[in-house]
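Trainee: Quick one, fold the following:
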Amino acid sequence: MSMPIEDYALIGDMQTAALVCRDGTVDWLCLPRFDSPAVFTALLGTEEHGCWRIGPACGPGAGPRPADRRRYRGDSLVLESEWDTPRGTVRVIDFMPPRDGAPQVIRIVEGVSGQVPMCSELRMRFAYGKVVPWVHSIGDRAVAVAGPDSVWLDTPATATVRHATVVSEFTVSPGERIAFTMSWQPSHHEPPALAEPEASLEATEEFWREWVEHCTYHGPYRDAVVRSLITLKALTYAPTGGIVAAPTTSLPECIGGVRNWDYRFTWLRDAAITLSSLLRTGYREEARAWREWLLRAVAGDPENLQIMYGIAGERELGETELNWLPGYEDSRPVRVGNGAAGQLQLDVYGEVIDALHVSCASGLAPDDHAVSLQLKLIAWVEKHWDEPDEGIWEVRGPRRHFVHSKVMTWVAVDRTVKLIESGDVHGPLERWTDLRETIHRDVCEHGYDKERNTFTQSYGSAELDASLLLIPQVGFLPPDDKRVIGTIEAIQRELSTEDGFILRYPTAGDDAGVDGLEGDEGAFLACSFWLADDLAMIGRGEEARQLFEKLLSLRNDLGLLAEEWDPKAQRQVGNFPQAFSHIGLIEAALKLSAAGAHVSDAGAGYRDVARWPEEC
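Mentor: Numbers count the residues shown, from 1 in each chain. Modelled structure (predicted):
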């Protein structure tokens, strides 16, 4: 039986990540990268698809039980789980050291009191649980080999191999620490170096302490902001600076449904907004690394900009289904790769150009290649802004003239006009200023419903869309504009759940809706944070604060958020942890902090509000 998504903790080394369940089982781990095939895939199947459990020994017929307590050690990604048993108390410390050689998962069992019988069961299954490796011993080390992969286990505990599973049964006493280190290595390489678990633990804690010290945010909700920043750092692929949307694939947006996608790639939209959050909280080096990743990924072909790339800039992300996996709580299909990579999403041009604009405004050293890229992107936008697209939510139905997409093309032009006006670059200022006004008029004429006083999802449609909440945040209109206020209130009426959280857009249940898919989904957490931002901007500060704190209460006990919240089942759903949700948390906290008691004039605080046209 699958465990709730919120029962999982994240550990990682900035190149991949593992999910550790409350019962002490590692149910998800891809090696050696975020987007590599999983070695532990029990999250999307059963224990036979690979997992690693360490916990108090279970009696005959009894399964593992949840830890009584767990926490991260301070501001780090070092996890501690504790069990109280009839024989005493035991602690398991789980972490992945920032990589300097082979990727490692280190688990240290520490006796707290009494004499506690323990069990470690390491079941490695390669290729997303499909391939059973050859498991054997070489000296004191256990190794599993299959094709190009090998996984090594080092531990002072006695280890035996049973049915391709490495099992250790031992008893831990007060103050005793027994370490288990699992290392991945290409199977044709020499064995990885012997582990030094205690030294690695000290170095890992020191890494996170030093990294958090760079955070410049000291306002309200700092603990939540710091935990979200740590999560974003953990989702960053250190060698390139690319940021994955989540470390998982196919965790469903609706339990038992088909809305199951692979998020182990770098979306330009998500990463661009992440850059803004990092810059505003003191993390310039991460922002610089992302900008360099962008320039490498787009390279000399900005006319064919993709909405997402692999973490090293790969372009081919073909989508396939793993039919041997039953899926999380029978949510099929399980997908790897993402076919949305080939979609046209016009808003991405605005997000990327805005990110480059913010990086310069925040003092990041100018980059000639970045300027050249921006000018090439805007030249493409000039020719194609009036085309229909798949939009921010990657619909798999017909293309439409999505209002948010058009607004973001306006952002792209607006930020480029500002760049030229600064005198740092030459360009057709008058022509692009006229283009900015043309797009603005077009959106206000075709994307606004005068009778209902609200912008709509797409030209000619009656549906609403939570992405419209970004209209005042990107500066398209001022927050006190009646159309902005009308749109916010309409979204609250029509897209709000009973809990007050926000759906992305209407879904059609058993029928195919605007997104071309059957079934429904939960409330999208990033959209709910956007609503809190907007409420603060229009002077409803107390309502914004209440919504924000309600959203904070949805985090699991370790401060982590998935993509969505199921208001009926009252549980997290979607890939986990989700960068977009944590970005929303950070931005909303910064917005509320900046607004303080005077939220009505907070409109200029989100990114860089443009000159608002007096008329459409």
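Trainee: So for stretch 282-297, mean pLDDT?
Mentor: Stretch 282-297 comes out with an average pLDDT of 88.
Trainee: helices or strands next to the helix or strand hosting V417 in the packing?
Mentor: Secondary structure from DSSP states H and E places V417 in helix 403-421. Applying 3 or more Cβ pairs under 8 Å, 6 or more residues apart in numbering; DSSP states H and E, we find helix 403-421 packed against helix 347-361, helix 368-384, helix 429-446. Bear in mind the C-beta positions are built from the backbone N, C-alpha and C, glycine included.
Trainee: So for the longest one, what gets flagged as buried?
Mentor: Along helix 429-446, these residues count as buried under the neighbour rule (16 or more other Cβ atoms under 10 Å): 432-433, 435-436, 439-440, 442-444.
Trainee: just stretch 158-170 next, same as before
Mentor: For stretch 158-170, by 16+ other Cβ under 10 Å, it's 159, 165-168, 170.
Trainee: Report the beta-bridge partner residues of I138.
Mentor: Bridge pairing for I138 (DSSP bridges) gives the partners R141.
Trainee: Now do it against A523, distance only.
Mentor: 51 Å (Cβ to Cβ, to the nearest Å).
Trainee: Neighbour count for these two, which is higher?
Mentor: Ranked by neighbour count (other Cβ atoms under 10 Å), I138 and A523 place A523 first, with 23 against 9.
Trainee: Might you report the residue contacts of that one?
Mentor: 497, 499, 501-503, 564-567 (Cβ atoms under 8 Å, 6 or more residues apart in numbering).
Trainee: Most widely separated two among those residues?
Mentor: I502 and D566 (13.7 Å; Cβ to Cβ).
Trainee: These two: who's more crowded?
Mentor: Ranked by neighbour count (other Cβ under 10 Å), I502 and D566 place I502 first, with 24 against 21.
Trainee: pretty sure that one is touching I491, no?
Mentor: Yes. Taking Cβ atoms under 8 Å as the definition, I502 is a contact partner of I491 at 6.6 Å.
Trainee: Quick check: neighbours shared by the two?
Mentor: In contact with both I502 and I491: 466, 469, 531, using Cβ under 8 Å, 6+ apart.
Trainee: Quick check: the first one vs G12, distance?
Mentor: So the one you mean is A466. A466 sits at a distance of 29 Å from G12 (criterion: Cβ to Cβ).
Trainee: right, and G500 touches L547 too?
Mentor: Yes. Between G500 and L547 a contact is recorded at 6.3 Å, counting by Cβ under 8 Å.
Trainee: out of those two, which sits in the busier spot?
Mentor: L547 (23 against 16).
Trainee: Next, find the distance separating the residue nearest to the more buried one when sequence neighbours are not counted from D520.
Mentor: What sits nearest to L547 in space, not counting adjacent residues and going by Cβ to Cβ, 6 or more residues apart in numbering, is A532, at 4.6 Å. Applying Cβ to Cβ, the value for A532 to D520 is 23 Å.
Trainee: remind me which residues of this structure are low pLDDT?
Mentor: For the chain, applying pLDDT under 70 flags the ranges 1, 60-61, 300, 508-519, 597-616.
Trainee: circling back: the more surrounded of A532 and D520?
Mentor: Counted by other Cβ under 10 Å, A532 and D520 do not tie: A532 has more neighbours, with 28 against 18.
Trainee: so what does the helix or strand that contains that one touch, helix or strand wise?
Mentor: In this assignment (DSSP H and E), A532 forms part of helix 525-537. Under the contact criterion of 3+ Cβ pairs under 8 Å, 6+ apart, helix 525-537 touches helix 482-494, helix 541-552, strand 564-566, helix 579-595.
Trainee: Give the buried residues for it.
Mentor: 525-537.
Trainee: just the CA coordinates of it, formatted as CSV?
Mentor: Extracted C-alpha coordinates of helix 525-537, given in CSV (Å, rounded to 0.1, in the frame of the first residue of the first chain):
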residue,chain,number,x,y,z
LEU,A,525,-0.5,25.5,-4.7
ALA,A,526,1.5,28.1,-6.7
CYS,A,527,-1.7,29.6,-7.9
SER,A,528,-3.0,29.9,-4.3
PHE,A,529,0.2,31.7,-3.3
TRP,A,530,-0.3,34.0,-6.3
LEU,A,531,-3.7,34.9,-4.9
ALA,A,532,-2.1,35.8,-1.6
ASP,A,533,0.3,38.1,-3.5
ASP,A,534,-2.6,39.8,-5.3
LEU,A,535,-4.7,40.3,-2.2
ALA,A,536,-1.7,42.1,-0.6
MET,A,537,-1.3,44.2,-3.7
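Trainee: Would you map the strands across the stretch 1-150 of the chain?
Mentor: Using DSSP state E, counting those that start in this stretch, the strands of the stretch 1-150 of the chain run over 8-12, 17-21, 25-30, 38-40, 51-56, 69-72, 79-85, 88-95, 104-114, 116-123, 134-138, 141-146, 149-154.
Trainee: Neighbouring strands of the first one in the sheet, and parallel or not?
Mentor: In this case it means strand 8-12. Strand 8-12 pairs in its sheet with strand 17-21 (antiparallel), by DSSP bridges.
Trainee: could you check the angle strand 25-30 makes with the strand it pairs with?
Mentor: 160 degrees (axes from the mean of the first three to the mean of the last three Cα atoms, to 10 degrees).
Trainee: Could you number the chain from 36 rather than 1 from now on?
Mentor: Happy to do that; since the first residue is 36 now, the last one works out to strand 52-56.
Trainee: residues in contact with strand 52-56?
Mentor: 38, 42-47, 61-64, 69, 75, 78, 114, 116, 129, 131, 140, 269-270, 282-283, 611.
Trainee: same check, this time on stretch 416-429
Mentor: Stretch 416-429 has contacts (Cβ under 8 Å, 6+ apart) with 304, 342, 375, 378-382, 384, 431, 433-437, 439-441, 444, 447-448, 467, 470, 474, 477, 493, 500, 502, 539-540, 550.
Trainee: if we can go back for a sec, are any of the contacts of A558 buried, and which?
Mentor: Using 16+ other Cβ under 10 Å, the buried members of the contacts of A558 are 536-538, 599-602.
Trainee: For those, could you give me TSV that also reports distance to P423?
Mentor: As requested, the buried ones among the contacts of A558 are exported to TSV (distance: Cβ to Cβ, whole Å):
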residue	distance to P423
F536	29
I537	25
L538	23
E599	26
W600	31
D601	31
P602	32
